[in-house]
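Undergrad: Okay, here's the prediction I keep looking at, along with the sequence it came from:
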Amino acid sequence: MGRIFKTFEDDATEATLRALHTQNQLDTFYERTFSWVKTIVASIATAFIVSYLELKSGASLWVNTAEAFTDWLRGLLR
């Protein structure tokens, strides 16, 4: 007799629910893992693209951002 249902006829239903639960857990694991892989690949690609654009343009995104932030702070303090 099953753990969920209390009659012998319901064993097939319980087995189906267990199979669905197992498949749902596998799907969730796959989706989370695939999402992290996409995030890491996109982050690495973005880093390389920004580095390439900085190399070709001669401008530094970090320096420009830091200067804009310090200018904004100076404007607040005046």
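TA: Cool, the structure landed. Everything numeric in this text was worked out from a predicted model, so none of it was measured. Numbers count the residues shown, from 1 in each chain.
Undergrad: From now on I want contacts and neighbour counts done on CA atoms only, so please keep to that.
TA: Fine.
Undergrad: show me what contacts residue 57?
TA: Going by C-alpha atoms under 8 Å, 6 or more residues apart in numbering, residue 57 touches no other residue.
Undergrad: let me fix that: residue 37
TA: If you count contacts by C-alpha under 8 Å, 6+ apart, residue 37 has none.
Undergrad: tell me, which helix in this structure spans the most residues?
TA: Longest helix in the chain, counting residues (DSSP state H): helix 11-57.
Undergrad: how far out from the middle of the chain is that one?
TA: 7 Å (C-alpha atoms, centre = their mean, to the nearest Å).
Undergrad: before we move on, what about stretch 63-73?
TA: In terms of C-alpha atoms, centre = their mean, the centre of stretch 63-73 is set 30 Å apart from its chain centre.
Undergrad: distance of residue 51 from residue 65?
TA: Separation of residue 51 from residue 65 (C-alpha to C-alpha, to the nearest Å) stands at 15 Å.
Undergrad: ok, back up a step: name the next helix or strand downstream of the longest helix of the chain, please.
TA: Using DSSP states H and E, the next helix or strand after helix 11-57 towards the C-terminus is helix 61-77.
Undergrad: what's that next one in contact with?
TA: residue 54.
Undergrad: and it, what's its mean pLDDT?
TA: Helix 61-77 shows a mean pLDDT of 90.
Undergrad: the inter-axis angle of it versus helix 11-57?
TA: Here helix 61-77 runs at an angle of 90 degrees relative to helix 11-57 (axes from the mean of the first three to the mean of the last three C-alpha atoms, to 10 degrees).
Undergrad: Put the alpha carbons of helix 61-77 into PDB.
TA: What follows is helix 61-77, C-alpha atoms only, in PDB (Å, rounded to 0.1, in the frame of the first residue of the first chain):
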ATOM      1  CA  LEU A  61      35.100  52.900 -19.400                       C
ATOM      2  CA  TRP A  62      36.300  52.600 -15.800                       C
ATOM      3  CA  VAL A  63      38.100  56.000 -16.000                       C
ATOM      4  CA  ASN A  64      35.200  57.700 -17.600                       C
ATOM      5  CA  THR A  65      32.800  56.300 -15.100                       C
ATOM      6  CA  ALA A  66      35.000  57.200 -12.100                       C
ATOM      7  CA  GLU A  67      35.500  60.700 -13.400                       C
ATOM      8  CA  ALA A  68      31.700  61.200 -13.900                       C
ATOM      9  CA  PHE A  69      31.100  59.900 -10.400                       C
ATOM     10  CA  THR A  70      33.700  62.200  -8.800                       C
ATOM     11  CA  ASP A  71      32.300  65.200 -10.800                       C
ATOM     12  CA  TRP A  72      28.800  64.300  -9.600                       C
ATOM     13  CA  LEU A  73      30.100  64.200  -6.000                       C
ATOM     14  CA  ARG A  74      31.900  67.500  -6.300                       C
ATOM     15  CA  GLY A  75      28.700  69.000  -7.700                       C
ATOM     16  CA  LEU A  76      26.800  67.800  -4.600                       C
ATOM     17  CA  LEU A  77      29.400  69.100  -2.200                       C
END
